[in-house]
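Student: Show me how the following folds:
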Amino acid sequence: MSRPMFFSSLAVTAALLLLASSAVMAQDKPAYKPFDFGLSAGMIMPGGIYIGIADEQVVTSASPFFKAHVDAYIVEKLAMGLYVSYLKLSLDHWKGSTAVIPDAYNGVTGFEIGCAIKPCFWLNDQVALKPALEIGYRRMSLDYIADDENASVNGMALGGNLALKFKAGAVSPFVDGGIISQPVGGNDYTSVSFAPIFALSGGIEF
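Tutor: Purely as a prediction, here's the structure:
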């Protein structure tokens, strides 16, 4: 995993979040609900996962994920959120090699649960921007690790995203772009981590 890349991405995300937090307090916003509930689905773009037992990085292909969240506004323009997410990655090939990983070993499935801080700024009465910084717990199962007792991997989930939300009555559709990462993780058998990978999704809030 490229640690300079990870920390630089995290610094940019944190800076944008701080900027949003300070700017949002001076803005007007339509009457708000105390909670937002959301459902979304999207794609994780190709990236790389570092697997310690091989001391190599595996390149992943574009893969789906699904997410549900609830945001509680602690003040009118700033929310704290909880989320759960399910992801399914596909290992494609070892970095620097053209050899494709067999289907029997290329699956990665997992879930994560965590919390988020989300400022909300309204561009007008109908459109809002919601940046977010997320931190949580991720548990994955890698088919590549054949021994069942070593297949489960625990890790720290860290990510940031920016949602564009459109008010449409009781339901508000949104599009979301950001990054997911796992700076540390693994089990007694191996370490598993990955630098920021881009993700895109769309969904609705109630």
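
Student: Would you report the backbone torsion angles of the residue nearest to Ile74 when sequence neighbours are not counted?
Tutor: Nearest in space to Ile74, with sequence neighbours left out and distances taken as Cβ to Cβ, 6 or more residues apart in numbering, is Met80 at 5.6 Å. Bear in mind the C-beta positions are built from the backbone N, C-alpha and C, glycine included. With angles defined as degrees, to the nearest 10, Met80 sits at phi -110, psi 140.

Student: Ok, Ser97 next?
Tutor: Per-residue torsions, Ser97: phi -130, psi 150 (degrees, to the nearest 10).

Student: Give me the neighbour count for it.
Tutor: 11 (other Cβ atoms under 10 Å).

Student: residues touching it, list them.
Tutor: Listed by Cβ atoms under 8 Å, 6 or more residues apart in numbering, the contact set of Ser97 is empty.

Student: Against Val171, how distant is it?
Tutor: Going from Ser97 to Val171 by Cβ to Cβ, to the nearest Å gives 47 Å.

Student: so where does the most centrally placed residue in the chain fall, helix or strand?
Tutor: Taking Cα atoms, centre = their mean, the centroid of the chain lies closest to Ile180, which sits 3.8 Å from it. If you go by DSSP states H and E, Ile180 is part of strand 172-182.

Student: ok, which stretches of the chain are helices?
Tutor: Assigned by DSSP state H, the chain shows helices spanning 3-24.

Student: The residue nearest to Ile74 and Ile101: what is the separation?
Tutor: Plainly put, Met80 is 40 Å away from Ile101 if you go by Cβ to Cβ.

Student: that older thread, what distance separates the strand holding Ile180 from the middle of the whole chain?
Tutor: Computed by Cα atoms, centre = their mean, to the nearest Å, the chain-centroid distance of strand 172-182 equals 7 Å.

Student: Give me the pLDDT value at the residue nearest to the centre of the chain.
Tutor: Ile180 carries a pLDDT value of 97.

Student: Grab the nearest non-local neighbour of it.
Tutor: Gly159 (4.4 Å).
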